[in-house]
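*Asks:* requesting a structural model of the entry that follows:
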Amino acid sequence: MTDSNLIRITGLWRGQTKAGETMLSGNFTPSSKLIILPNSRKQKDSDPDYIAFMAPAEKKADQPEKPKFIPGL
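*Replies:* Here you go, the predicted structure:
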């Protein structure tokens, strides 16, 4: 596989979980983020080492909340 075959999805930043494990996270879309955590329930070699999760993106304090659309108003 060459670099020209790769499609960038997002950048990931290393952080720590509350339990002190290393995690990776990055924005996936404006409203969601990708989080990759170690598989703490791995029981056999064929189980994945890491699991990827999607989560709602956290709102930044300096971003105003978007008005909600209410049908009929």
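
*Asks:* now the strand or helix carrying residue 35: buried residues?
*Replies:* In the assignment (DSSP states H and E), residue 35 maps to strand 32-38. The neighbour-count check on strand 32-38 (16 or more other Cβ atoms under 10 Å) flags 33, 34, 35, 37, 38 as buried. Where you see a C-beta, it was placed from the backbone N, CA and C, and this is true even at glycine.

*Asks:* what's across from the residue positioned nearest the centre of the chain in the sheet?
*Replies:* Closest residue to the average C-alpha location of the chain: residue 34 at 1.4 Å, with Cα atoms, centre = their mean. Applying DSSP bridges to residue 34 gives these bridge partners: residue 26, residue 54.

*Asks:* other SSEs contacting the strand holding residue 35?
*Replies:* Counting contacts by 3 or more Cβ pairs under 8 Å, 6 or more residues apart in numbering; DSSP states H and E, strand 32-38 is packed against strand 22-29, strand 50-56.

*Asks:* mind listing what residue 24 touches?
*Replies:* Applying Cβ atoms under 8 Å, 6 or more residues apart in numbering, we find residue 24 in contact with 12, 13, 14, 15, 35, 36.

*Asks:* give me the low-pLDDT residue ranges for the protein?
*Replies:* Counting by pLDDT under 70, the ranges of the chain that qualify are 1, 60-73.

*Asks:* switch the cut-off to 90
*Replies:* The chain contains residues with pLDDT under 90 at 1-6, 17-19, 30, 57-73.

*Asks:* how many other residues sit next to the closest residue to residue 29 other than its chain neighbours?
*Replies:* The shortest distance from residue 29 to any residue other than its chain neighbours is 7.6 Å, reached at residue 57 (Cβ to Cβ, 6 or more residues apart in numbering). Using other Cβ atoms under 10 Å, residue 57 has 13 neighbouring residues.
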